[in-house]
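Asker: no sequence on this one, just coordinates:
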Ligand SMILES: Cc1cc2nc3c(=O)[nH]c(=O)nc-3n(C[C@H](O)[C@H](O)[C@H](O)COP(=O)(O)O)c2cc1C
Ligand code: SF4
Ligand code: FES
């Protein structure tokens, strides 16, 4: 059905599928065309115009990102006029742009800067239109500086298309056109979920994470402080990208070694608390099911939604507050870890929690906000003091001069450092679901999940909304109310997909028992704190790495993690106990939708 | 329901709740309240189930959809070339003298706003201006004063 | 005074039995009337000059259960006011022209996008719409016509931007392709035509393509409304045959001291005195939406240029780089040269920039800013510099 067309690019003939853009056709011939507003994850905008090329017979140049090929098209990508146009466009953007590159954290990874260097725009051809920089620092997660905005609308399209949030918009017109929020309010006051996906797609430094690097160094160098650090599952499959490793190269042990060399006192693992989350959340699910099915308690909210993704939490608080009772009361692994670090860990290691600084390394910007929620202080202190993204960690490692690639792998410290394959897959969409099923199925039936090598393939992959069901049979006597029950689950990643799913549930078009939602495309591996750039290929490589990491782990079920068993025996008693409710569970707040 | 909520709810009933209804709703709200207050924009977003940022982004694109307080009578004087040649400056001066506002300002009593606008399509009879939807052409400072007097009496 | 220009009296001709014309076309058949339009050589009167017959033909032949007809009444080009005059004096012909288009292409819904500045025309237009809708129902045609308003954005006259605006969005032009004929209002095939174009289709229905073709020249057929303003002996809207020279025009309309004529509004060209005789107004020379602004020797071309650039800097939609930043640079650039903050030679940099804007901008606005800029700088350089 797909027709092909014949074209030439700079004289080279090429056959491509109808509908291919000139930009993509050129890629096939390794002809590089510069772009700025184009992003593989987003719809076409065609507004920066840097990608213009010449099509023989056309009166004007055309934007290659926005123009589909046609039969017999003769395309030129390198003419005097094209080069002049590109250089002019860069010069123009630079006259608006705050060119304080050396003070910008996107320096070296800024797409505008790269092109400016390529085109040697060292002389100021035109007059300066720069306005004063007045960055919006109101959010714990995202810093917005419109003096660096090039109006490419990638962030606006991200927020709308991928996240369905629409917190960002272009406003005004003509010379006054600028990216902003409703009434130009601070980011902390709008429906922003802090997911940071806009950051991942901003070609410049207009949107970056709020960084807490100096605060963390200060803590490390303060001899009176015991600094614990936890690392999230998805960090280990992406950090290497910042050290010239290919996407999907796992650096778990090297990362641990780097953290140790940086001077962190305890190097622990969010994977451990991910296992703990499964115990708590799995138990909560089973008890909700019991309440609903046995006690006939109509107030029991089903489906139960996962609560690990703070972007998703903020989203549902803003957009679907009616569904707050459906959210699992479990804190995210980061916050479970935080609450236990300053209680359990401090107690066991004999550290005064007052002197403890808890740092987490996350693929996420929303975690920065989460750590600062007023309710996240169940240890009696702020449970997690500082959240760094994968990118910030990379910068810190670079500052130490350590070469990650040559470091020898090291192990996490105990007693909150052991983990399982079930925990590491938290980093991919469907992972929490898979981990939960591995454990819950076994609790209920006493048998392993009926999937080859425990790999629950139906819940994996990048499809926007996934559904699966599993029949519970020959259950243990204490779970007999689940005999024959078809456990129905759904998974969504990216908030636009989440929105569609929740709306379908709201409209009673679909019914599930358990729903996993991750705010970011691909799950945490595509998080707003991960190395830039991002696209499907990169996310796929990270996903493959995560499942590889899972497969190589000796233990692959959360309930078999020895350090999890230990904490229940020595500290928490049992899942959903009184103590775990106090430390590991939370509540949610309805927020303004508009 | 507040005044604004009720009014916007009725507009949504009249025009529908699709995105295509946004422009006419914005326009009627401006007609009623002279500008789009924060509250009105929130209520419009609610009725159409779109984000407030989308309402704001759309409204600010259009120069007739003010998001800052405007007077009951919005005076727009054409600044484009032919009216410029025909002494639009004298017209502005006359208005400023009479109302004590410069272009971009609103009288303290909230009665008049003065703005420049681009070609009104009355070049052959310039200088021209609009007061709300009414057009006034072949203006002279004297004529403007008479016109404004009639509005002051309203 | 030389001989008077050839006047025509078609658009404002008092009487037209639209109902009967519609019946004729129905008898003739859709394809036959499209052929008539093609034969007449009618090109869009909104400025871009696309053959109207071809536009209707494409939409007619596109398979879709929903199609739309849209009348572009956003007339915002500085110095253009002929659409307002048509809507005031000949609104029936416009709405019937739209009904005709709807009948031909198979659309059941139509819209008139009227610029907010012309809101006072609303009542009159609604009456014309009601009248037309009633008559047409009796002919067995189902066509609903709605009036929608712009809100003060010149760019919304650009058709894709207009459709965005109608759909409740920022009026930013979209990429072409897809063109509105294939993917227009709400993604459906859409005919977008200028007010005057619709009237012309009715005229062709009335007098036939053969008669229509007798007017104008080979490349520019039919008659055209001109909006004449500035330093003239008479200003207003005039219906003239296309194909005249600027010289002929100036002889009739100028004040005897004409220095330059801006043909086609701010996005058109500035014709200096020395070019009057050999510049034809029409598709073989300078095509125009009908704006003719006349400047005599008392006018400063610098002021005129600056005024245009202020217009563009404000009215650019602001999405694409060459236009958003380019307009600001041209304006600030000429100001800087005037103030001697930049050397004369800076004008050459700006001319190159204007050239880039022409070739690399996303839509017709950015592409035409250079027209006025270039023609004024090249012909009146001294006035800009000193
Ligand atoms: C910046 C810009 C402004 C325009 N403004 C108008 C306008 O006010 N009225 C109009 O009919 N066409 C305008 N056009 C042309 C339209 O895009 C479109 O070509 C026209 O409506 C098609 O109708 P026609 O073929 O009947 O001329 C404008 C184009 C551009 C690029
Ligand atoms: S050329 Fe100007 S008006 Fe057209 S899309 Fe670009 S910025 Fe908008
Ligand atoms: S990348 Fe094509 S216009 Fe921006």
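Answerer: Thanks, I have it. Fair warning: this is a prediction, and the values are worked out from it, not measured in the lab. Numbering: from 1, shown residues only, chains lettered A, B, ... in the order given. Ligands and ions are numbered 1, 2, ... in the order given.
Asker: switch to C-alpha atoms for all contacts and neighbour counts from now on
Answerer: Fine.
Asker: and the average pLDDT for stretch A:26-33 is what?
Answerer: The average pLDDT within stretch A:26-33 is 97.
Asker: flag every buried residue along it.
Answerer: A:26, A:33 (16 or more other C-alpha atoms under 10 Å in any protein chain shown).
Asker: show me where chain C has helices.
Answerer: For chain C, the helices defined by DSSP state H cover C:18-28, C:30-40, C:52-61, C:82-89, C:91-105, C:122-138, C:159-166, C:195-213, C:246-253, C:301-315, C:321-338, C:346-360, C:364-385.
Asker: list the contacts of the nearest residue to residue C:245 once chain neighbours are set aside.
Answerer: The shortest distance from residue C:245 to any non-neighbouring residue, by C-alpha to C-alpha, 6 or more residues apart in numbering or on different chains, is to residue C:280 (4.3 Å). Going by C-alpha atoms under 8 Å, 6 or more residues apart in numbering or on different chains, residue C:280 touches C:243, C:244, C:245, C:246, C:286.
Asker: give me every residue that touches residue 132.
Answerer: Went with chain A since none was named. By C-alpha under 8 Å, 6+ apart, the contact set of residue A:132 is residue A:147.
Asker: not quite, I wanted chain C
Answerer: Counting by C-alpha under 8 Å, 6+ apart, residue C:132 makes contact with C:92, C:95, C:96.
Asker: okay, residue C:222: pLDDT?
Answerer: At residue C:222, pLDDT is 82.
Asker: how much does the host helix or strand of residue B:26 deviate in direction from helix C:159-166?
Answerer: Element membership for residue B:26 (DSSP states H and E) is helix B:22-33. Relative orientation of helix B:22-33 and helix C:159-166, computed by axes from the mean of the first three to the mean of the last three C-alpha atoms, to 10 degrees: 60 degrees.
Asker: what about the closest residue to ligand 2 within the stretch 1-150 of chain A, distance to chain B?
Answerer: Of all residues in the stretch 1-150 of chain A, residue A:47 sits closest to ligand 2, at 6.9 Å by C-alpha to the nearest ligand atom. Applying C-alpha to the nearest C-alpha, to the nearest Å, the value for residue A:47 to chain B is 16 Å.
Asker: just checking, that residue touches residue A:35?
Answerer: No - with contact defined as C-alpha atoms under 8 Å, residue A:47 does not reach residue A:35; the gap is 10.2 Å.
Asker: who has more neighbours out of those two?
Answerer: Legend: neighbour count by other C-alpha atoms under 10 Å in any protein chain shown for residue A:47 and residue A:35, higher for residue A:47 (28 against 21).
Asker: phi and psi next, for the more buried one.
Answerer: phi -110, psi -20 (degrees, to the nearest 10).
Asker: close to chain C: what parts of chain B are there?
Answerer: Contact residues, chain B versus chain C (C-alpha under 8 Å from any C-alpha of the partner chain): B:19-24, B:27, B:57-59, B:61-65, B:80-82, B:85, B:118-124, B:130, B:133-134.
Asker: burial count for whichever residue of chain B sits closest to chain C?
Answerer: Closest to chain C within chain B is residue B:20: 4.2 Å, counting by C-alpha to the nearest C-alpha. Number of residues near residue B:20 (other C-alpha under 10 Å) recorded here: 18.
Asker: now swap in residue B:153 and tell me
Answerer: Counted by other C-alpha under 10 Å, the residues lying close to residue B:153 total 6.
Asker: residue B:111 versus that one, what's the distance?
Answerer: To residue B:111, residue B:153 is 11 Å away according to C-alpha to C-alpha, to the nearest Å.
Asker: contact partners for residue C:372?
Answerer: Shown here is residue C:372, whose contacts under the criterion C-alpha under 8 Å, 6+ apart are C:266, C:267, C:268, C:269, C:270, C:305.
Asker: so what's it closest to, chain neighbours aside?
Answerer: Spatial nearest neighbour of residue C:372, excluding adjacent residues (C-alpha to C-alpha, 6+ apart): residue C:269 at 4.9 Å.
Asker: contacting residues for the one you found?
Answerer: Contacts here follow C-alpha under 8 Å, 6+ apart; on that basis residue C:269 touches C:262, C:263, C:286, C:371, C:372, C:375.
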